[in-house]
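Asks: Sequence isn't available, so here's the structure alone:
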C-alpha cells in the first residue's frame, strides 16, 4: 500500500500503516525500538503538561473516580509531581472542601487563611476544625470589624483550661503578635520566623486588615528546596483538578470550585464529542477565560479538532480501555488505545494542546508506550486503586489485603450518584432502567502511593533511556514502534521458569 507520511508520522510508521489499513492497536500489540542514548535513565527529564497552563513534574494523573481520587490521593500525587482530579460524586460543597484541603496543605503565602471570630468559644472552634478535618492549628482571630486581634496556635489550644472561653481570652493578642507588612516574600518570612522562633506569621495591610498568613513548616520546605519536586502553582500551593459534568449544574459547580482556587476543571463524560459538552465548554471559557478546562473522553482526531476549537485546553483520550469499563462490550464502542492516542495527537499537535491517555494501562511500560504514541500524560485508575491514599478501607479476601474498586459507570456508582449517571448519558434514567457500562470489583492492596509511583516513573525513565530520549517531547519525537505477534508478547513476559521473587512493578500487573 502506498501512502505519504510526514516526518512525525514516519517515526511511527507501524501506527500510521495500521491506521491506513483500518487496524487499531493497543499496548500489548506493540513494543518500542531502542535508540542511541547519551543520558542515563536517572538523568532524563519527565516534566510535561496536563493542559496548556497546568504543568507536571511527572506525567501522571489520578483518575476522577470515587475509589481512586479524593484529597488524600491528590495531595500525595501533587507532592510526587503529578496531579489528582477530585471526582464529582460529591455534592458541590463536599467537592469544594476536598479541593480546599489540597490547596491548604502546602502554602507559601496563604492569601485567604481560615479565620475565626473573637467571640467564638474554643469548644466551637475545635468542633469546626474536627468537622472540616483541618490539618492545621494556627488560626487568625478577627473582631466584628474583621480586624486582626490575635492568633490561636497549637499551644493556645493545648494549654486552654476551659474550652467554654471565647477566643479573645485565649489568643496571643495582636499587640504581642509578630506580623509583617503586605509584600513580604517567602524568603523574608522564613528569615523572620527563624530568627524570632515563630511558627505562624500574619501578613497585615497598613490599616490593620489581615492580608495573609505564613506557616513555618511550609515556608521552610519551599526555601530549603524540599518542595522542589512538588507540583505547585505560582503561589506555592499544591496543584489539584476537579471533575464536573455538563449544563447549568456543572457551571454552578465550577463557580464554587474556582472560589477554592482549583487549578484545572475537567469536563468528565464518556462521550465528549457532543452538544452538551461543547456548550458547557464554551460557557466556562467565557466565564473563566484564565481557567484551564480539560475535556474528555474521545478517541478520534475529528473530535479533538471540534473540542479545541470550542476552547479546550487539554483532551482526555480513551473510550472503553479501563479495567472496570464495559463500554466496548455493552455499546460496541471504543478504539484500542495506542491507535486512539496516535490519531488524536496528530490533530492536537497542530494546536499545541496536550492530550492525556486515560485508561488501559497495566504496567509502567504501557506508560512509556502511551507517551511515545503521542500522549503528554497518562491517567491511572486501577494502578493507583488499592494504595493507602485511595478511598475506602482495606479488606481481606482469602487472607490477602484488598480494596474495593469500581467503574464510575458501574451499577452501584450510578444508583448512588447523579454524577455517574450524567457521565454515562443516563442522568434522567430510572434506577430500574439503568444500563451499566462498568463493573465493581477489588484490587490487591498496594501500599503507599509514593512507592508505586516510584516504580512507574522509574519504568518510564528506563524506557526513555532505551529510546535515547532526554525529555517527554523527545520520547514522542524519537520513538519507533514494532508491531508484535502473540508469540512476541509471550516472549516479552518471564517464561520457562517458576517465579520465586518478582519485582514490585511487575507484580502490580499480575492481580
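Replies: Yes, it's here. Everything numeric in this text was worked out from a predicted model, so none of it was measured. Numbers count the residues shown, from 1 in each chain.
Asks: Who are the contact partners of residue 335?
Replies: 24, 299, 300, 319, 343 (C-beta atoms under 8 Å, 6 or more residues apart in numbering). All C-beta atoms are positioned from the backbone trio N, CA, C, and that covers glycine.
Asks: that's a strand at it, yeah?
Replies: No - applying DSSP: H, G, I helix; E, B strand; the rest coil, one finds residue 335 to be coil, outside a strand.
Asks: can you count the residues close to the nearest residue to residue 312 once chain neighbours are set aside?
Replies: Of all residues not flanking residue 312 in the chain, residue 295 sits nearest, at 4.5 Å (C-beta to C-beta, 6 or more residues apart in numbering). By the criterion of other C-beta atoms under 10 Å, residue 295 has 30 neighbours.
Asks: Likewise for residue 153?
Replies: 18.
Asks: quick one, phi/psi of it?
Replies: phi -120, psi 180 (degrees, to the nearest 10).
Asks: Can you show me the helices along the stretch 251-400 of the chain?
Replies: In the stretch 251-400 of the chain, the helices defined using DSSP state H, counting those that start in this stretch lie at 275-287, 301-309, 327-330, 337-351, 364-373.
Asks: Could I get the contacting residues of residue 184?
Replies: 192, 203, 214.
Asks: Residue ranges in this structure under the pLDDT threshold?
Replies: For the chain, the stretches with pLDDT under 70 are 1-11, 225-226, 408-428, 430-433, 436-439, 502-511.
Asks: who's in contact with the residue nearest the centre of it?
Replies: Residue closest to the average C-alpha location in the chain (C-alpha atoms, centre = their mean): residue 84, at 1.8 Å. Residue 84 is in contact with 61, 62, 69, 73, 74, 75, 76, 77, 78, 102, 240, 241, counting by C-beta under 8 Å, 6+ apart.
Asks: Closest one to residue 52 out of those residues, please.
Replies: residue 241 (13.4 Å; C-beta to C-beta).
Asks: how much space between the closest one and residue 390?
Replies: Distance, residue 241 to residue 390, using C-beta to C-beta, to the nearest Å: 17 Å.
Asks: do the same with residue 379
Replies: 14 Å.
Asks: Looking at the two, which is more packed in?
Replies: Higher neighbour count among residue 379 and residue 390: residue 379, with 32 against 27, using other C-beta under 10 Å.
Asks: and the more buried one, bridged to which residues?
Replies: residue 61, residue 358 (DSSP bridges).
Asks: Kindly provide the distance from residue 261 to residue 104.
Replies: Applying C-beta to C-beta, the value for residue 261 to residue 104 is 10 Å.
Asks: intersection of neighbour lists for those two?
Replies: Common contacts of residue 261 and residue 104 (C-beta under 8 Å, 6+ apart): residue 237.
Asks: got the domain boundaries for this structure?
Replies: Segmentation of the chain into domains, based on automatic domain parsing, reads 36-105+235-478, 109-224.
Asks: Out of those, which is the most enclosed?
Replies: domain 36-105+235-478 (a mean of 21; mean count of other C-beta atoms under 10 Å).
Asks: partners of the helix or strand hosting residue 202 in the sheet?
Replies: Assigned by DSSP states H and E, residue 202 belongs to strand 200-204. Strand 200-204 sits in its sheet next to strand 180-181 (parallel), strand 210-215 (antiparallel), going by DSSP bridges.
Asks: closest to residue 49 out of these?
Replies: strand 210-215 (28.7 Å).
Asks: contacting residues around that closest one?
Replies: 107-113, 115, 136, 138, 140, 142, 146-148, 180, 182, 184, 186, 189, 193, 199-205.
Asks: try 6 Å this time
Replies: For strand 210-215, the external contacting residues (C-beta atoms under 6 Å, 6 or more residues apart in numbering) are 109-111, 113, 140, 148, 182, 189, 201-205.
Asks: still on that earlier bit, the residue nearest to the centre of the chain and residue 127: what is the separation?
Replies: Residue 84 is 28 Å from residue 127, where distance means C-beta to C-beta.
Asks: Could you look up the SS state of the closest residue to residue 352 other than its chain neighbours?
Replies: With C-beta to C-beta, 6+ apart as the criterion, residue 352 has its nearest non-adjacent residue at 7.9 Å, and that residue is residue 52. Following three-state DSSP, residue 52 is assigned to coil.
Asks: Would you agree residue 52 is in contact with residue 311?
Replies: No - here residue 52 lies out of contact with residue 311, judged by C-beta atoms under 6 Å, at a distance of 10.6 Å.
Asks: about what we covered before: would you reformat the helices of the stretch 251-400 of the chain as TSV and include distance to residue 486?
Replies: Supplementary listing: the helices of the stretch 251-400 of the chain in TSV, determined by distance: least, C-beta to C-beta, whole Å:
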stretch	distance to residue 486
helix 275-287	38
helix 301-309	29
helix 327-330	20
helix 337-351	16
helix 364-373	17
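Asks: For the stretch 51-200 of the chain, which segments are assigned as helices?
Replies: Going by DSSP H, counting those that start in this stretch, the stretch 51-200 of the chain shows helices at 71-79, 92-105, 122-131, 154-158, 186-196.
Asks: now those in JSON lines, with distance to residue 498?
Replies: JSON lines is the format used below for these (distance: least, C-beta to C-beta, whole Å):
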{"stretch": "helix 71-79", "distance to residue 498": "35"}
{"stretch": "helix 92-105", "distance to residue 498": "45"}
{"stretch": "helix 122-131", "distance to residue 498": "52"}
{"stretch": "helix 154-158", "distance to residue 498": "55"}
{"stretch": "helix 186-196", "distance to residue 498": "56"}
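Asks: Specify the beta-bridge partners of the residue nearest to residue 312.
Replies: In this entry, residue 295 is beta-bridged to residue 267, residue 315, by DSSP bridges.
Asks: Please name the residues that touch it.
Replies: 267, 272, 281, 307, 312, 315.
Asks: Excluding covalently adjacent residues, which one is nearest to residue 157?
Replies: Of all residues not flanking residue 157 in the chain, residue 137 sits nearest, at 6.2 Å (C-beta to C-beta, 6+ apart).
Asks: no, scratch that, I was asking about residue 278
Replies: Residue 278 sits nearest to residue 310 (C-beta to C-beta, 6+ apart), 4.8 Å away.
Asks: The one you found and residue 281 touch, don't they?
Replies: Yes - here residue 310 reaches residue 281: they are 5.0 Å apart, a contact under C-beta under 6 Å.
Asks: Please tell me how far residue 391 sits from residue 67.
Replies: From residue 391 over to residue 67 (counting by C-beta to C-beta), the distance is 6 Å.
Asks: If you could redo that for residue 361, that was the one I meant.
Replies: 17 Å.
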